[in-house]
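1. Below: sequence and its predicted model.
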Amino acid sequence: MRLAPQELADAPLGTTNAGVEGASASSGTGQSTLDDRAARRAVRGLGRPSGPDGRAPQRGLAVPKLGQVLRATVRANGWQEELGHGWVFGHWEEVVGSLNAAHSQPEKIEEQVLYISCDSSNWSSNLRLLQRHILARIAQKVGPDVVVQLRITGPKQHRNYEGPLWVKPQGSTDTYG
């Protein structure tokens, strides 16, 4: 005598084969016990839970996300300013635009002053006109106190003070164009 699926679900776990002659958990092949369990699981909707990709979900893992750990570490060690400096140097083209970035490069940041050197005096004048926008973009991306002033210079003149006969240079070797 077999039990209906609803009766299987309501019956206690060890008593499903109690009324059947010769059937027990240890009898013969054990097929009836396995079939009964499968039937009970089907009725109850039990089975192995799986995630969206078919694998069993991970339970009990309280692993924090990498971004949260990095932010906490940066705050704890006071690295916000150094990371801001790195962002300015790494994203210079985004800060000033591709054309200006092709003719200028950030040199260093000291005491909240960003030193920029340009290919010619024309490009340095152009960056001086955009100074307010550059500072606003940097403050928006990395914070208001990382860079508060820009020092924009034209091309550097090479010192050629070697040898017994040298003449002091007359001025910048800028070509104005």
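-> Cool, got the structure.
2. rest of the way, CA atoms for contacts and neighbours
-> Fine.
3. any low-confidence regions in the protein?
-> Low-confidence segments of the chain, defined by pLDDT under 70: 1-34, 41-50, 58, 60, 157-163, 167-177.
4. residue ranges of the strands in it, please?
-> Along the chain, counting by DSSP state E, strands occupy 104-110, 113-118, 149-153.
5. Can you show me the helices along this structure?
-> 5-10, 31-44, 66-77, 80-90, 92-96, 98-102, 121-129, 131-142 (DSSP state H).
6. before we move on, back to that, any chance of the strands of the chain in JSON lines with distance to Pro64 as columns?
-> What follows is these, written out as JSON lines (distance: least, C-alpha to C-alpha, whole Å):
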{"stretch": "strand 104-110", "distance to Pro64": "34"}
{"stretch": "strand 113-118", "distance to Pro64": "36"}
{"stretch": "strand 149-153", "distance to Pro64": "38"}
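7. about what we covered before: looking at the helices of the chain, which is closest to Glu110?
-> helix 80-90 (9.9 Å; C-alpha to C-alpha).
8. Show the end-to-end separation of stretch 137-152, please.
-> Length of stretch 137-152, first residue to last, C-alpha to C-alpha, to the nearest Å: 17 Å.
9. outside of that stretch, which residues touch it?
-> 81, 84-85, 87-88, 95, 109, 112-118, 124, 127-128, 131, 135 (C-alpha atoms under 8 Å, 6 or more residues apart in numbering).
10. Next one: Arg132 from Pro57, what distance?
-> 52 Å.
11. for Gly97, same thing?
-> 47 Å.
12. now do Leu66
-> 20 Å.
13. Mind checking which of those two has more residues around it?
-> Of the pair Leu66 and Pro57, Pro57 is the one with more neighbours under other C-alpha atoms under 10 Å, namely 12 against 9.
14. I'd like the distance between the residue nearest to that one when sequence neighbours are not counted and Arg59.
-> Counting by C-alpha to C-alpha, 6 or more residues apart in numbering, Pro57 lies nearest to Gly51, which is 5.3 Å off, once chain neighbours are set aside. Computed as C-alpha to C-alpha, the Gly51 to Arg59 distance reads 11 Å.
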